[in-house]
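[1] can't give you the sequence, but here's the structure:
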């Protein structure tokens, strides 16, 4: 029992990331009808927002401490981050420590802006072109974005730790009446899961309970009629693109303590996220979220030793296998709507 | 000639001539000169040109004709390489059986994968092929290690049986075609120039010409016409009572076999096969090549393959020192600015240049480089005609005045 529980928990954090990226992909596809291969790059840019903020916060001023000497006997050079000088050592250290959560504040405007520029500057011109062209141009854009990041940040992963308060692990087993240390789960993954839940709930609430969201949903169902009612649906869809970019970016920011960001993390996640979207059903938001968590958990089950000894290699291919089976048996995916991308 | 129209025959002859004289054409700068680094006429790179040309020609038969965008074609390349290396290990260092096996194996895999994937079209087809390719890649890395040798990659060893060759003496044997070693190279010195003629290149080039010829025949055949009809409107084809699946499946298998041939040749030039040849980035590369050159055109994919491989090998070698040499004629400040501006796009950053070029091509030239060339050609022709008009008008006015 505890073994099963721990696999579910392990699947949750990856599943959360899949769900968030797939949610953004589906938002873009559902509103604008564009297959966005650059969405993984947005996830990566979000992660690098956290890296950037961390770097900015640790910009240091070097002072010479004449009373202490280094091992060569010269006066010791002491580096103190500017924030510590400004806010005092304790608050300053805390700010540096909390760089990753603080990066959310930086990531939201940056990602909305990036999404806005991307939609107005490039993708707008591809609405009338075939899906293959959309895939190709966003694929090219993804290469360009990831090379730009590589140029500025290098090819190596950059570790970005979580705040001190979240570094340990939680012994969930004790709560649920199992032996101590049977189910241990890092705090940050728990944080990530709840964070993803809040974002997903927020997006759904926004679409369901606001007038803006209602118009967007109406536009997703029948764009032309909404346009005929005198509503500028294009502008709202552009904003939705920004929102989708922000969701991907936030997913990236919070994922940095779990996986040190590198320039190709976006592509790695993108392939799986597309599988997730297709399994969930093109254009279905609940489907994307459901499939994200489902595939994340399935993957972690498949990497159990018991399963691996029964079916060697299953952990490597389970997601793709599920995708193939679902695509062939349920052409619309788990929760796909009728008439969306059906040939 | 050979069942081709005059125009196609001409194209084939031009392509044949270019591949035949490639070692000379691609080495336009004398060895040792400052521009010698732009020479692409060394065997390793020329082999890549033609091998990836084959890969792209095959991909174009699927994508260019039927419009099915496969994002998993590299799987067949990898399968071809593995089969060829196994043939070298077990049977003989002769490349013929190895290449035959790699074509057959890739064809079989393509038959299975295509049969399943072609039940869906559009983006679903892309995802299905991607899923199959990633599965093959992951399996080759992990569970199939006895067959693929995992991360290290499949290599020749001294203890391999090689039934036909008998026990090898001394070092590792090399791949050959009935005794002619693939790596055998004759270097010809003419004045300051040096030209390398290698067996491996000419062997691959011959196969590329055969592959190109077959693709021309397919393009001009009723079968090719049927595939184009599938691209333009599959539903209408179905309404006329025609089952399109056998046609698309045939195209898929053919293009898979082309990829297998390319993979086998890669292994024949350098008997080593790794799983990264199957990764989806490799599949993306062949998509880039085909689109960049011009999907659906005969010569486009070869051009695209050559273009990308040239950039990969030559552009990536330019460094800041060379840039400083080029801009040495400028004032120092301006020189440094120019170098700083260009720096991100060269050397390790050549992928950035590639990505930008690819985007520009997709945005402005959906027909690729071939369309670009055609448009430029038309531009000049129209200007000529305009010039004629102007001249004749002027002549008429002169006549009227007199």
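    Nice, thanks for sending it over. The model shown is predicted, which means the values in this text are computed figures rather than measured ones.
[2] Name the nearest residue to residue B:293, sequence neighbours excluded.
    residue B:304 (2.6 Å; CB to CB, 6 or more residues apart in numbering or on different chains). Yep, even glycine has a C-beta here, placed from its N, CA and C like the rest.
[3] residues contacting the one you found?
    Each residue near residue B:304 by CB atoms under 8 Å, 6 or more residues apart in numbering or on different chains is listed here: B:56, B:288, B:289, B:290, B:291, B:292, B:293, B:294, B:368, B:369.
[4] and stretch B:249-267, average pLDDT?
    If you average the pLDDT over stretch B:249-267, you get 94.
[5] That should have said stretch A:251-265, apologies.
    87.
[6] again with stretch B:329-347
    So the average pLDDT for stretch B:329-347 ends up being 78.
[7] same deal with stretch B:152-172?
    pLDDT averaged over stretch B:152-172 gives 74.
[8] Now do the end-to-end distance for it.
    18 Å (CA to CA, to the nearest Å).
[9] Please enumerate residues in contact with it?
    Contacts for stretch B:152-172 (CB under 8 Å, 6+ apart): B:81-82, B:85-86, B:88-94, B:148-149, B:173, B:271-275.
[10] Now find how far off-centre it is within its chain.
    30 Å (CA atoms, centre = their mean, to the nearest Å).
[11] buried set for that stretch?
    B:153, B:154, B:156, B:160, B:162 (16 or more other CB atoms under 10 Å in any protein chain shown).
[12] Take those residues and keep only those in strands.
    The strands, defined by DSSP state E, take in residue B:154 from those.
[13] Could you list the residues in contact with stretch A:177-197?
    Identification of contacts with stretch A:177-197 by CB under 8 Å, 6+ apart yields A:1-2, A:5-6, A:9, A:12-13, A:16-17, A:19-20, A:162, A:165-174, A:176, A:250-251, A:254-255, A:257-258.
[14] repeat that for 6 Å
    A:2, A:5-6, A:9, A:12-13, A:16, A:20, A:162, A:166, A:168-174, A:254, A:257 (CB atoms under 6 Å, 6 or more residues apart in numbering or on different chains).
[15] Could you pick out the buried ones from those?
    Buried, going by 16+ other CB under 10 Å: A:5-6, A:9, A:12-13, A:16, A:20, A:162, A:166, A:170-173, A:254, A:257, out of the contacts of stretch A:177-197.
[16] Model confidence for residue B:400, exactly?
    pLDDT for residue B:400: 57.
[17] One more: residue B:96?
    90.
[18] Residue A:147 now?
    88.
[19] any idea how far it is from residue A:284?
    Distance, residue A:147 to residue A:284, using CB to CB, to the nearest Å: 33 Å.
[20] Not counting residues beside it along the chain, what's closest to residue B:218?
    Spatially, and ignoring its direct neighbours in sequence, residue B:218 is nearest to residue B:224 (5.0 Å; CB to CB, 6+ apart).
[21] what about that neighbour, helix or strand, and which?
    helix B:222-232 (DSSP states H and E).
[22] Buried residues of that helix, list them for me.
    Those would be B:223, B:224, B:226, B:227, B:229, B:230, B:231, for helix B:222-232 by 16+ other CB under 10 Å.
[23] Just give me the neighbour total for the closest residue to the fifth one other than its chain neighbours.
    When the adjacent residues along the chain are set aside, residue B:229 lies closest to residue B:237, with 5.6 Å between them (CB to CB, 6+ apart). A count of nearby residues for residue B:237, using other CB atoms under 10 Å in any protein chain shown, gives 17.
[24] Residue B:237 touches residue B:244, doesn't it?
    Yes. The pair residue B:237 / residue B:244 is scored as a contact, 5.1 Å apart, by CB atoms under 6 Å.
[25] Overlap of the contact sets of the two?
    In contact with both residue B:237 and residue B:244: residue B:230, using CB under 6 Å, 6+ apart.
[26] Please tell me how far the residue nearest to residue B:229 sits from residue A:217.
    Distance, residue B:237 to residue A:217, using CB to CB: 36 Å.
[27] Spell out which residues of the stretch 101-250 of chain A are next to chain B.
    Applying CB under 6 Å from any CB of the partner chain, we find that the stretch 101-250 of chain A lies next to chain B at A:131, A:132, A:136, A:137, A:140, A:143, A:144, A:147, A:151.
[28] Helices along the stretch 101-250 of chain B, start to end?
    Under the criterion DSSP state H, counting those that start in this stretch, the stretch 101-250 of chain B contains helices at B:122-141, B:145-148, B:199-220, B:222-232, B:234-239, B:245-269.
[29] Surely residue B:67 is in contact with residue B:230?
    No. Using CB under 6 Å, residue B:67 is not in contact with residue B:230; the gap is 7.4 Å.
[30] What's the local residue count around the nearest residue to residue B:15 once chain neighbours are set aside?
    What sits nearest to residue B:15 in space, not counting adjacent residues and going by CB to CB, 6+ apart, is residue B:212, at 6.0 Å. Using other CB under 10 Å, residue B:212 has 23 neighbouring residues.
[31] how near is residue B:212 to residue A:66?
    Where residue A:66 is concerned, residue B:212 sits at a distance of 77 Å (CB to CB).
[32] repeat for residue A:328
    Distance from residue A:328 to residue A:66, by CB to CB: 75 Å.
[33] Please compare those two by neighbour count and tell me which comes out ahead.
    Neighbour count, other CB under 10 Å: between residue A:328 and residue A:66, residue A:328 has more, with 14 against 8.
[34] what's the nearest residue to the more buried one if we skip its chain neighbours?
    Residue A:328's closest residue in space is residue B:119 (CB to CB, 6+ apart), at 6.2 Å.
[35] likewise residue B:330?
    That would be residue B:338: by CB to CB, 6+ apart, it lies 6.7 Å from residue B:330.
[36] which stretch of helix or strand covers that neighbour?
    helix B:332-342.
[37] Low-confidence ranges, chain A, go.
    By pLDDT under 70, the low-scoring segments of chain A are A:1, A:337-343.
[38] and the longest strand for it?
    strand A:60-69.
[39] quick one: contacts of it?
    Outside strand A:60-69, the residues touching it (CB under 6 Å, 6+ apart) are A:75, A:76, A:77, A:78, A:79, A:80, A:81.
[40] Kind regards, and thank you for your time.
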